[in-house]
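J.: coordinates only, no sequence provided:
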């Protein structure tokens, strides 16, 4: 069996350290994007009805049911050099595949639906009267969203963010197709484990151990946050 | 203004100054009315104006945050993540809310979270929060119904005082006639989206416009078949009335016209008598409501004590023929 | 590579990561009946077209048998066999991994059944104007295989033979299987890539092929053997026989492979 010493030794390799650092940076970036963009969208979906709502929801949930490889190809078809937006992007001097941006995009694409879904039900669970009260007290839509909806839904939002981050961290199939694999640039931890499995098992196992520890820590903090939240609000 | 509701349209034409209590059966549209005025619901047609300012109608549609209303929700809708003081200050636009907290007797709770407060305390925070907005109009949706009956009476008196002090027009929705009567001189009754009666509480009692109003106001309503000044009640007892009639009728008797005694009083044959059992005794300030089989009486606390009124005790309920009114029944 | 037990621990430790987007993995049970069953053939991804064409031939020659093909990088297949995933035949693009398995007593004797050479390919419209390997030093986006995969190590050999320092090239990705390289070049995302002649053959018109100088070539030799834990050794042998037959060899040649080395 591997010991803690083996893990530390494994982490000594530049491949392992680059992979972990890259995974951390890109997954946190993806998390920021999905939270910033996804939260207002989830609020809209969770608190109001509008014509075409089911179409929007379906579009959002699509990445959830796509096999990751298909998602990767889809991203290429959209953002690749020869893709739908390729011409416009090239004109701006932006070629996305094989870059760190591609990694972030792939992660965001596959993980956002997880966050948006959770956030949507968290917002839907907020008592309508609380939002109505805020409006009668002079808060417009934005202030109500920021000062009432988000704090009250915070626990669900946090759980969603944890899920989204974990999915982004473990993302593999879409990334390898859309971004490729290059140490320090696009070789994220899961890819490094997959490729290094055979040639450098020490590094691979070390990376895997760190990923598992990180995921466990996130889950734990979500649980603790949940209990803290209940204490904060007092008995209902 | 009008708005389609479940099964019928809300069609209301109303002007208010001072406190107006709005009562009616559930589903009548009372809460919808408040929300329409506040801008939380949109009418399909009509006009909402407050103090000369048009809030809705003829192209105007002012969003709720710009209509200065103070809304108190049935379950208070206090923000759970903010302290009582922060809740009150939410709509106060930076003004100091200290004096308001003191006036409502909750400044000792300023730092507490709503989850730790009692029902009565939460109600006061909700009222303070609405007032802190310096609204032009107060809208209260069943502000007392979430409280237990014991606290309700005291809080109702307090609330009436606060509303009077502010001098603001206030619409208070309540499902209890007694609360309506204690909160306001003007009671509006809504049924199925329409206003069916609008006047002082006494008038609702004396001249109820509909069967609902009569029952709601606590009038006793005994159904039977009349022939002349005699009415054979559905319960089998025959009573005397002052207004002659024929056919199916409802005999209306006010609760305070009903006197209670342990046995049939002797020698007063012009009185109607019913032998009944006490079902419930409800003290209401300086009078006591006694619910009996099929009718309600109101007596002084002294009488209630003297008669040792308790659920299950048999009594005789009596009233004069002239104290009743007869109305035809469909 | 350590023993199977450690490898199993490692696999248990990374379930989610590998589940997301791995290639197909075969886990069917071979039948122990002599007549009929499923034959699991694990083959390097460069053999995709050729073996897919041969499978129906085998099935018609051996009624009752179905061929289950699993195409991945040779290293990935070796790892799966080490974990005990059901495999009957293992065909790799280099001797490295079969020898490793033989050392672990997991693979029987091997037969070299084909050869392959490398070529440089570009998208059809050749956006970076590549006409030789030297042109790559001008900075075109190049995709190669990861050194852990046979195509990757062969590419390193070719570059070394040509005296080109890999760090002078703009390598944008080191793929885990040769088909990944092929896809990226044919889609036009990369400007160039090193693949097998057989892959270029399969891509047809969608790519330009630049032949490599014979002196710089790395010849890939493909060995194939029967997995020791297989319950279908007879059927496995019949597959190998089919591949070695003139029929099998013709199919391989038609897809761009070189013949089995003689002797």
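T.: Here it is on my side, so go on. This structure is a prediction, so every number in the text was calculated from the model and none was measured.

J.: am I right that residue A:131 is in contact with residue A:146?
T.: No - using Cβ atoms under 8 Å, residue A:131 is not in contact with residue A:146, being 11.9 Å away. (Each C-beta comes from the backbone N, C-alpha and C, glycine too.)

J.: pick out whichever of these two has more residues nearby.
T.: residue A:131 (21 against 14; other Cβ atoms under 10 Å in any protein chain shown).

J.: quick one: the nearest residue to the more buried one once chain neighbours are set aside from chain C, how far?
T.: In space, and not counting its chain neighbours, residue A:131 is closest to residue A:144: 5.6 Å by Cβ to Cβ, 6 or more residues apart in numbering or on different chains. Taking Cβ to the nearest Cβ, to the nearest Å as the measure, residue A:144 falls 38 Å from chain C.

J.: find the nearest non-adjacent residue to the spatially most central residue of chain C, please.
T.: Centroid-nearest residue in chain C, with Cα atoms, centre = their mean: residue C:44, separated by 2.4 Å. What sits nearest to residue C:44 in space, not counting adjacent residues and going by Cβ to Cβ, 6+ apart, is residue C:93, at 4.0 Å.

J.: in a helix, that's where the one you found is, yeah?
T.: No - the assignment for residue C:93, made by DSSP: H, G, I helix; E, B strand; the rest coil, is coil rather than a helix.

J.: that one contacts residue C:220, doesn't it?
T.: Yes - Residue C:93 is in contact with residue C:220 according to Cβ under 8 Å; the separation is 5.4 Å.

J.: got any residues that touch both of those two?
T.: Common neighbours of residue C:93 and residue C:220 (criterion: Cβ atoms under 8 Å, 6 or more residues apart in numbering or on different chains): C:116, C:150, C:151, C:196.

J.: beta partners of the last one?
T.: Under the criterion DSSP bridges, residue C:196 forms beta bridges with residue C:118.

J.: ok, now which ones touch it?
T.: With Cβ under 8 Å, 6+ apart, residue C:196 has these contacts: C:46, C:93, C:116, C:117, C:118, C:119, C:151, C:178, C:220, C:256.

J.: how about the residue nearest to residue A:131, phi and psi?
T.: phi -60, psi -40 (degrees, to the nearest 10).

J.: contacting residues for it?
T.: A:131, A:134, A:135.

J.: can you show me the helices along chain B?
T.: Here chain B has its helices, by DSSP state H, at B:30-38, B:84-89, B:98-103, B:119-132, B:149-166, B:177-183, B:201-206, B:211-216, B:301-306.

J.: where among those helices is the average confidence lowest?
T.: Sorting the helices of chain B by mean pLDDT places helix B:201-206 lowest, at a mean of 71.

J.: for chain C, which of the helices of chain B is the nearest?
T.: helix B:84-89 (42.2 Å; Cβ to the nearest Cβ).

J.: show me where the stretch 51-200 of chain C has strands.
T.: Taking DSSP state E, counting those that start in this stretch as the test, the strands found in the stretch 51-200 of chain C are C:65-72, C:89-91, C:107-116, C:118-123, C:142-145, C:171-175, C:192-196.

J.: ok, the residue in the stretch 101-250 of chain B that chain C sits nearest to to residue C:82 distance?
T.: Residue nearest to chain C within the stretch 101-250 of chain B (Cβ to the nearest Cβ): residue B:115, separated by 37.8 Å. Distance from residue B:115 to residue C:82, counting by Cβ to Cβ, to the nearest Å: 57 Å.
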